[in-house]
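**Student:** just need the structure, nothing else, for what follows:
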Amino acid sequence: DDPDVVIYSNYGFEHKEYKCLRVLFCAEYAIPNIEDCDYCFSQHHASYWGKNYRLPMYVYWQNFSQNFNDLLRPVNFDEIKQQERKFCSFVVSSPLGSQKRVDFMRNLSEYKPVDSGGKLLNNIGVPVADKRAFLGNYKFNIAFANGLADGYADEKIVDPMFVNSIPIFWGNPRIAEDFNPASFINCHDYDDLDSVIKEIIRIDKNEQVYRSYLKQPWFPS
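**Tutor:** Numbering: from 1, shown residues only. Predicted coordinates:
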């Protein structure tokens with residue numbers, strides 16, 4: 001009833017009842033109300049006068065910290081080649097969020113079928129039980145975020161990395177500050193999504209280009 005510190009999220013207003021030190025843990029990509037807190041953990045790059053510590057969502061996502069070293073290991077391309085991976089995966093369950101990912105999935109499917117393992121646009125029969133195991137069967141994964149937001153980076157970009165499936169990312173325009181832009185397809189580097197699809201086709205058709213992507217470290221040096 002009389003705490004020294006209150007830690008709260010970006011839902012509700014109960015925190016305003018307390019006059020002690022208030023720390024905001026800002027989930028998803030909501031813009032933090034910095035005037036209500038003393039300190040803040042959020043997705044945003046801005047320091048807000050030293051109040052904010054950027055904590056991307058992928059950092060506290062399940063199994064990231066435990067398996068972090070897996071992302072530092074060199075990729076064995078010959079092993080991946082022997083797996084004869086299929087083309088591209090798409091795993092989204094919620095109909096909410098950007099229509100861009102739905103449109104992109106359908107447009108890319110005109111080149112080759114994209115397997116949808118989530119509840120949205122499911123075309124494999126049932127939703128997958130193990131997302132990463134499913135992604136590991138494919139060369140590419142459509143890793144579009146729920147919306148366009150500076151600094152926001154959730155599990156969508158790291159899940160395919162853990163199984164060496166090249167992410168096709170859209171969402172955070174500054175994602176190249178977190179991950180090596182030569183290791184994945186960053187939609188923000190292209191004039192439009194049609195150009196992104198052309199690059200995916202180029203990689204898919206050329207083994208050397210595909211190899212060059214997978215040989216890159218996931219993180220910038």
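
**Student:** partner strands of whichever strand in the chain runs longest, with direction?
**Tutor:** The longest strand of the chain (DSSP state E) is strand 138-144. Strand 138-144 has the following sheet partners, assigned by DSSP bridges: strand 86-90 (parallel), strand 166-170 (parallel).

**Student:** dump stretch 92-107 to CSV, keeping only the CA atoms.
**Tutor:** The C-alpha trace of stretch 92-107 is given here as CSV (Å, rounded to 0.1, in the frame of the first residue of the first chain):
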residue,chain,number,x,y,z
VAL,A,92,0.7,-15.0,-38.2
SER,A,93,-2.3,-15.7,-36.0
SER,A,94,-4.0,-12.3,-35.4
PRO,A,95,-5.9,-10.6,-38.2
LEU,A,96,-5.0,-7.3,-36.5
GLY,A,97,-2.0,-5.4,-37.6
SER,A,98,-0.6,-4.2,-40.9
GLN,A,99,-2.4,-5.3,-44.1
LYS,A,100,1.0,-5.1,-45.8
ARG,A,101,2.1,-8.5,-44.6
VAL,A,102,-1.1,-10.1,-46.0
ASP,A,103,-0.7,-8.4,-49.3
PHE,A,104,3.0,-9.2,-49.4
MET,A,105,2.4,-12.9,-48.7
ARG,A,106,-0.2,-13.1,-51.5
ASN,A,107,2.0,-11.3,-54.0
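
**Student:** what's the most buried one of the strands paired with strand 138-144?
**Tutor:** strand 166-170 (a mean of 25; mean count of other C-beta atoms under 10 Å). (Each C-beta comes from the backbone N, C-alpha and C, glycine too.)

**Student:** state the next helix or strand along the chain beyond it.
**Tutor:** strand 185-186 (DSSP states H and E).

**Student:** that following strand: how far from the chain's middle?
**Tutor:** The chain centroid and the centroid of strand 185-186 are separated by 11 Å, computed with C-alpha atoms, centre = their mean, to the nearest Å.

**Student:** in this protein, which spans are helices?
**Tutor:** Residue ranges of the helices in the chain, as given by DSSP state H, are 77-82, 99-108, 131-135, 155-162, 193-205, 207-214.

**Student:** which one of these lies nearest to residue 34?
**Tutor:** helix 155-162 (25.7 Å; C-beta to C-beta).

**Student:** what is the burial count for residue 53?
**Tutor:** 13 (other C-beta atoms under 10 Å).

**Student:** actually, residue 4.
**Tutor:** 7.

**Student:** likewise residue 73?
**Tutor:** So residue 73, with other C-beta under 10 Å, has 10 neighbours.

**Student:** what about it, distance to residue 109?
**Tutor:** 32 Å (C-beta to C-beta, to the nearest Å).

**Student:** could you export the longest strand of the chain as PDB, CA atoms only?
**Tutor:** Extracted C-alpha coordinates of strand 138-144, given in PDB (Å, rounded to 0.1, in the frame of the first residue of the first chain):
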ATOM      1  CA  TYR A 138      12.200 -22.900 -45.300                       C
ATOM      2  CA  LYS A 139      14.800 -20.700 -47.000                       C
ATOM      3  CA  PHE A 140      12.900 -17.500 -46.200                       C
ATOM      4  CA  ASN A 141      10.400 -16.300 -43.600                       C
ATOM      5  CA  ILE A 142       8.000 -13.300 -43.900                       C
ATOM      6  CA  ALA A 143       8.800 -11.400 -40.700                       C
ATOM      7  CA  PHE A 144       6.600  -8.400 -40.900                       C
END
